[in-house]
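Visitor: predicted coordinates and the sequence they were generated for:
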Amino acid sequence: AYGAGLEDKKGPLEHKVLAVPEATPVPFAIFQFTSTVEDVSSYRVSGDTDGKVSISSDGWLFLEEPLIWSPEKRHDLQIEALSADDDVLDGPYSVVLQVTDINDHPPVFSQSQYTGSIREHSPAGVPFVQVFASDNDDENTPNAQLSYSIERQIPNTAEQLFFTINPQSGEISTTKEGAEQLRARPGVMYSRGETRGSFDVLKRKFDDFCAPKTEVPLESNPFFTCVQYAESRGFNAIPEPDYTLIVRVEDLGGGASNALSSTTRVNIAITQNFWINPGPITIKENLLLEQYPRLIASIRSNDPNALYRLLQKEREIPFPFTINEDGDIFVTEPLDREQKDMYLLVVLAVDDQGVELESPMTIQVKVQDENDNAPVCAKAETVFEVQENEVAGGHVGDLLAHDMDQEDTLNSLLSYKLISQSPAQMFSIDETQGKISVLKSGFRRKDVPQYVLKIGVTDGVHNTECKVVIKIIDINNEIPVFEKNDYGRYSILELAEPGTTLLTIKATDADDPGTGSSKVEYHITSGDPNKSLAIKVDDSTGVGTVYIAQPLDYEVQSTYQLQIDARNPEPLIKGVNYDERSTATVFIQLVDVDEPPVFTVDILQMTVPENVTVGTTLLTASANDPEGQKIMFKMEGDEYDWFELDPDSGELKTKAELDREVVHELKVRIIAYETEGEKQETEKEISIELIDVNDNFPKLQQSQGFICVKQPTPLVLTAVDADSSPFAEPFIFSLQSPRKSPNWEIMQVDDTSAKLILRRKPSKDHTFSIPINIKDNAGMGVTQKIDVRVCNCTELGHCYEKPAAQAWKFGVTTTIAILAGVLGFIVLVMIFAIYRVKKTGGKNKKATADGETNVML
């Protein structure tokens with residue numbers, strides 16, 4: 001708001017919250033209040049003004065001194081409008097001044113210099129030192145949002161940054177280039193029990209390795225002091241760091257042109273890292289036994305007092321490796337590459353309590369192959385086949401052999417040589433691929449059914465002999481011959497089921513049994529264009545069975561003049577051809593059967609709007625009779641008598657209005673029947689689903705009710721709609737009056753009900769006729785009235801009226817008197833009636849007796 005013009009700082013005198021920037025020039029206009037009350041002469045401000053906030057006679061609230069921001073700081077004021085006599089005409093009103101922060105504090109680092117050390121070969125991205133800065137501005141604004149960056153790296157001769165900083169957290173880590181290229185200065189290697197940088201340890205090492213000795217005190221020996229100084233760098237990198245970083249911190253999230261910032265130095269020492277993976281290590285397999293245990297690698301922890309443990313990453317038994325207390329790793333026995341070609345060793349450096357001093361190191365040990373395995377034939381006896389007419393150079397097969405030595409090395413490179421073959425030299429073998437080929441043609445199976453070859457396989461050191469058997473197979477020089485070429489005539493009903501056998505056929509082949517040359521296959525080559533018939537073959541006997549594959553239809557094809565050819569799956573040799581002996585014929589006659597009509601229109605389900613016009617055609621049934629007889633239609637199942645079906649055309653029409661609220665789905669059966677002959681018929685059931693239309697409005701379930709004045713419980717109104725979604729609920733209830741009623745209110749309860757609430761009690765009992773407008777989900781509805789009796793109530797909750805309220809009503813005393821009189825009158829009538837009955841009974845008896853006497857006389 002403080003960036004707005006004066007016109008935007010004017011408004012009525014009311015409760016208000018205003019934002020005021022800190023440290024603003026004064027006087028500073030905050031807001032002009034104007035009271036709507038007449039005769040206002042001046043204004044007065046009170047509250048937390050701190051002597052810095054005032055208000056002018058024309059309502060301008062202004063600052064006389066700048067405000068200072070602090071967390072949760074605010075000024076609660078009260079403003080009143082006064083008359084000329086200082087009487088309060090309007091107010092007081094609460095006005096809150098919230099002091100907003102401006103960016104007037106630069107971020108400050110917690111230290112002027114930071115130090116850190118990192119070991120060479122450390123992985124990239126792992127933080128090793130962190131800088132921290134704070135900003136006194138409002139932490140909830142960008143003024144205190146800080147961003148860190150590395151401004152400079154010293155030295156940077158390679159013009160590559162070896163370090164990076166997290167802009168949010170200030171954590172410094174190495175880059176990928178830094179992890180690869182950072183190296184420590186050479187230092188002293190310490191043994192177990194020696195403290196790094198200790199004066200006594202350095203003195204002893206200096207005495208042991210530096211000669212000749214002189215009388216110069218160690219403190220004055222420049223070489224010793226240089227070593228001592230270098231060893232102390234790991235503890236304090238400030239005097240002579242390997243790298244110095246200039247780190248800048250900026251507020252406003254960094255990168256803003258008006259951001260405030262500050263810098264600090266980070267001094268970094270690169271220390272030696274003795275914990276270096278020596279792998280991968282390569283060991284030859286099958287080394288001599290006297291060379292074990294054999295040293296294969298040495299590792300050192302950065303802690304000279306570390307203890308070493310060797311773990312097995314894979315659960316392999318045995319584990320032929322050990323490690324001693326100095327970190328020397330040994331292999332304890334010969335290795336076999338064919339058993340295991342690689343081991344993974346996990347080395348731990350721990351203290352005497354078992355706490356890890358370094359991250360676990362995984363060392364890869366590879367076993368180098370030696371040529372210690374002979375080639376192996378894939379099978380004890382390899383069998384191939386070759387046809388009698390195979391020409392020279394034809395491929396017979398490939399001999400498979402394998403060497404367990406390492407693949408793609410000379411140790412597993414195999415060579416093949418044909419040692420012998422009997423009974424004749426008919427084949428050759430490729431030296432490098434093991435591919436066997438025909439050397440000479442002219443095989444005769446009846447003379448030589450098979451050949452036996454011995455083939456030598458070598459890897460240059462070891463030799464193996466493989467056996468190969470090559471069988472000569474018969475060529476297809478004979479054709480199949482049918483036992484008869486005409487199988488005569490057959491008849492079958494057109495309604496015979498698929499799978500029914502018609503006849504069996506057979507052809508024989510003189511080639512070798514059990515081969516593709518003698519196997520017979522049957523094919524229907526003419527007379528069956530629709531593939532209604534098929535043939536299956538019994539391979540053991542060669543018999544073919546002709547059967548019905550698809551339903552037959554006399555009206556489509558009444559006769560089948562079949563031509564059946566017998567063939568071999570193997571091709572005939574050149575010069576041999578199939579002839580009439582391999583062909584047979586058969587005639588099949590279908591017997592016509594009177595079949596029922598067949599529907600040509602396949603309509604099983606349809607949807608129809610319930611408001612469809614009466615007389616609308618819904619569908620037209622169509623059917624044909626296979627024998628060509630006349631077809632007519634009839635309908636069954638129309639239980640509501642809504643449809644009519646034209647018997648000649650098959651048109652299904654509506655003859656009455658449809659109503660989905662009566663039934664939403666119905667089914668009728670349309671029957672097509674023959675008018676002549678056997679009068680067969682076919683039935684098709686049609687499912688008709690009625691689509692709902694919005695032809696019903698929500699209706700109130702009650703037309704009257706009452707509300708007790710003593711306990712004005714809302715009257716619950718419920719409505720129902722015979723339509724379905726989306727033309728039904730949810731309903732919208734409202735009062736018909738265009739203006740809000742002062743006496744009544746209606747409130748929605750759920751999708752189908754609402755509460756009618758009495759807002760103001762009437763002065764006397766009264767019956768109200770209230771119009772309620774109820775609309776369904778589609779907005780359709782009408783106004784309906786409900787009569788509500790508002791009255792005093794009995795304890796049972798029923799309405800009653802005072803005795804004097806109606807002139808025709810009596811009091812309690814009068815009512816009791818009337819009832820007593822009525823009861824007395826009824827008693828007198830009953831007494832009189834009883835008396836008369838008794839008297840009349842006596843006379844009747846006497847008369848009866850006299851009558852009997854007269855009769856007797």
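Guide: Everything's here; your move.

Visitor: lowest mean pLDDT among the helices and strands of the chain, which one is it?
Guide: helix 222-232 (a mean of 49; mean pLDDT, DSSP states H and E).

Visitor: ok, then the element right after that helix?
Guide: Where DSSP states H and E defines the elements, the next helix or strand beyond helix 222-232 is strand 243-250.

Visitor: what helices and strands are in contact with the next helix or strand after that following strand?
Guide: Next helix or strand after strand 243-250 toward the C-terminus (DSSP H and E): strand 261-271. Secondary-structure packing of strand 261-271 (3 or more Cβ pairs under 8 Å, 6 or more residues apart in numbering; DSSP states H and E): strand 108-109, strand 113-119, strand 243-250. In this view, the C-beta of every residue, glycine as well, is placed from N, C-alpha and C.

Visitor: how about a cut-off of 10 Å?
Guide: Applying 3 or more Cβ pairs under 10 Å, 6 or more residues apart in numbering; DSSP states H and E, one finds that strand 261-271 makes contact with strand 108-109, strand 113-119, strand 129-130, strand 133-134, strand 147-154, strand 163-165, strand 171-174, strand 243-250.

Visitor: show the average pLDDT along the first one.
Guide: Yep, that's strand 108-109 we're talking about. Mean per-residue pLDDT for strand 108-109: 96.

Visitor: what do you get for stretch 443-452?
Guide: Taken as a whole, stretch 443-452 has a mean pLDDT of 87.

Visitor: next: stretch 713-725.
Guide: Here the average pLDDT along stretch 713-725 is 85.

Visitor: again, but for stretch 114-129
Guide: Mean predicted confidence for stretch 114-129 is 92.

Visitor: again with stretch 516-524
Guide: For stretch 516-524, mean pLDDT is 91.

Visitor: so what would you say the end-to-end distance of it is?
Guide: From its first residue to its last, stretch 516-524 covers 20 Å (Cα to Cα, to the nearest Å).

Visitor: next, the distance between the ends of stretch 725-733.
Guide: 18 Å.

Visitor: show me what counts as buried in it.
Guide: Using 16 or more other Cβ atoms under 10 Å as the test for burial, stretch 725-733 gives 727, 728, 729, 731, 732, 733.

Visitor: redo those as CSV? Include secondary structure and distance to residue 144.
Guide: Compiled in CSV, these are given as follows (DSSP: H, G, I helix; E, B strand; the rest coil; distance: Cβ to Cβ, whole Å):
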residue, secondary structure, distance to residue 144
727, coil, 60
728, coil, 59
729, coil, 55
731, coil, 55
732, strand, 52
733, strand, 54
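
Visitor: between all of those, which two are separated the most?
Guide: 727 and 733 (17.1 Å; Cβ to Cβ).

Visitor: for residue 623, what are its contacts?
Guide: With contact set as Cβ atoms under 10 Å, 6 or more residues apart in numbering, residue 623 has these partners: 596-601, 631-633, 650, 670-673, 681-682, 684.

Visitor: ditto for residue 350
Guide: Residue 350 sits in contact with 301, 303, 306, 307, 308, 309, 356, 357, 358, where contact means Cβ under 10 Å, 6+ apart.

Visitor: and residue 475, what does it touch?
Guide: Per Cβ under 10 Å, 6+ apart, neighbours of residue 475: 387-390, 443, 445, 511-512, 515, 517, 570-573, 576.

Visitor: filter those to the buried ones?
Guide: Neighbour-count burial within the contacts of residue 475 applies to 387, 388, 390, 443, 445, 511, 515, 517, 570, 572; the criterion is 16+ other Cβ under 10 Å.

Visitor: still on that earlier bit, most surrounded residue in the contacts of residue 350?
Guide: residue 306 (23 neighbours; other Cβ atoms under 10 Å).

Visitor: OK, contacts around the closest residue to that residue other than its chain neighbours?
Guide: Leaving aside its sequence neighbours, residue 306 sits nearest to residue 349 (Cβ to Cβ, 6 or more residues apart in numbering; 4.1 Å). Residue 349 is in contact with 274-275, 299-303, 305-309, 327, 356-361, counting by Cβ under 10 Å, 6+ apart.

Visitor: OK, contacts around the nearest residue to residue 404 once chain neighbours are set aside?
Guide: Nearest non-adjacent residue to residue 404, counting by Cβ to Cβ, 6+ apart: residue 373, 4.0 Å away. Counting by Cβ under 10 Å, 6+ apart, residue 373 touches 337, 338, 402, 403, 404, 405, 406, 411, 412, 459, 461, 462.

Visitor: now the phi/psi pair for residue 373, please.
Guide: Main-chain dihedrals, residue 373, degrees, to the nearest 10: phi -130, psi 140.

Visitor: pLDDT score for it?
Guide: Note on residue 373: pLDDT of 86.

Visitor: check this protein for its longest strand and report it.
Guide: In the chain, assigned by DSSP state E, the strand with the most residues is strand 88-100.

Visitor: just give the strands next to that strand in its sheet, each with its orientation.
Guide: strand 16-21 (parallel), strand 74-82 (antiparallel) (DSSP bridges).

Visitor: how about the strands in the stretch 351-500 of the chain?
Guide: Taking DSSP state E, counting those that start in this stretch, the strands of the stretch 351-500 of the chain run over residues 361-368, 376-377, 381-387, 395-398, 401-402, 415-422, 427-429, 435-438, 450-458, 463-473, 481-482, 486-493.

Visitor: what separates the third one from the chain centre, distance-wise?
Guide: Averaged C-alpha coordinates place strand 381-387 at 55 Å from its chain's average position (Cα atoms, centre = their mean, to the nearest Å).

Visitor: what does it contact?
Guide: Outside strand 381-387, the residues within contact range by Cβ under 10 Å, 6+ apart are 394-401, 426-427, 436, 438, 443, 445, 450-453, 455, 466-476, 515, 517, 570, 573.

Visitor: which of those residues count as buried?
Guide: Among the contacts of strand 381-387, the ones that count as buried by 16+ other Cβ under 10 Å are 396-399, 401, 426-427, 436, 438, 443, 445, 451, 453, 455, 466, 468, 470, 472-476, 515, 517, 570.

Visitor: picking that back up, dump the buried ones among the contacts of residue 475 to CSV, plus distance to residue 265.
Guide: Shown next, in CSV, are the buried ones among the contacts of residue 475 (distance: Cβ to Cβ, whole Å):
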residue, distance to residue 265
387, 90
388, 95
390, 89
443, 94
445, 97
511, 99
515, 93
517, 95
570, 91
572, 97
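
Visitor: which one of those is nearest to residue 40?
Guide: Set against residue 40, the nearest of the buried ones among the contacts of residue 475 by Cβ to Cβ is residue 570 (120.5 Å).

Visitor: for the closest residue to residue 141 other than its chain neighbours, give its distance to residue 766.
Guide: Distances taken as Cβ to Cβ, 6+ apart place residue 101 nearest to residue 141, at 5.7 Å, with adjacent residues excluded. Computed as Cβ to Cβ, to the nearest Å, the residue 101 to residue 766 distance reads 64 Å.

Visitor: could I have stretch 241-255 exported to PDB, CA atoms only?
Guide: Only the C-alpha atoms of stretch 241-255 are listed here, as PDB (Å, rounded to 0.1, in the frame of the first residue of the first chain):
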ATOM      1  CA  PRO A 241      46.000 -24.300   2.400                       C
ATOM      2  CA  ASP A 242      46.100 -26.400  -0.800                       C
ATOM      3  CA  TYR A 243      43.100 -24.500  -2.000                       C
ATOM      4  CA  THR A 244      41.200 -21.300  -1.000                       C
ATOM      5  CA  LEU A 245      37.700 -20.600  -2.000                       C
ATOM      6  CA  ILE A 246      36.100 -17.200  -2.000                       C
ATOM      7  CA  VAL A 247      32.400 -17.800  -1.100                       C
ATOM      8  CA  ARG A 248      29.700 -15.200  -1.600                       C
ATOM      9  CA  VAL A 249      26.300 -15.100   0.000                       C
ATOM     10  CA  GLU A 250      23.400 -13.000  -1.400                       C
ATOM     11  CA  ASP A 251      20.000 -12.200  -0.100                       C
ATOM     12  CA  LEU A 252      16.800 -11.900  -2.300                       C
ATOM     13  CA  GLY A 253      17.400 -15.500  -3.300                       C
ATOM     14  CA  GLY A 254      20.600 -14.600  -5.200                       C
ATOM     15  CA  GLY A 255      21.100 -13.100  -8.600                       C
END
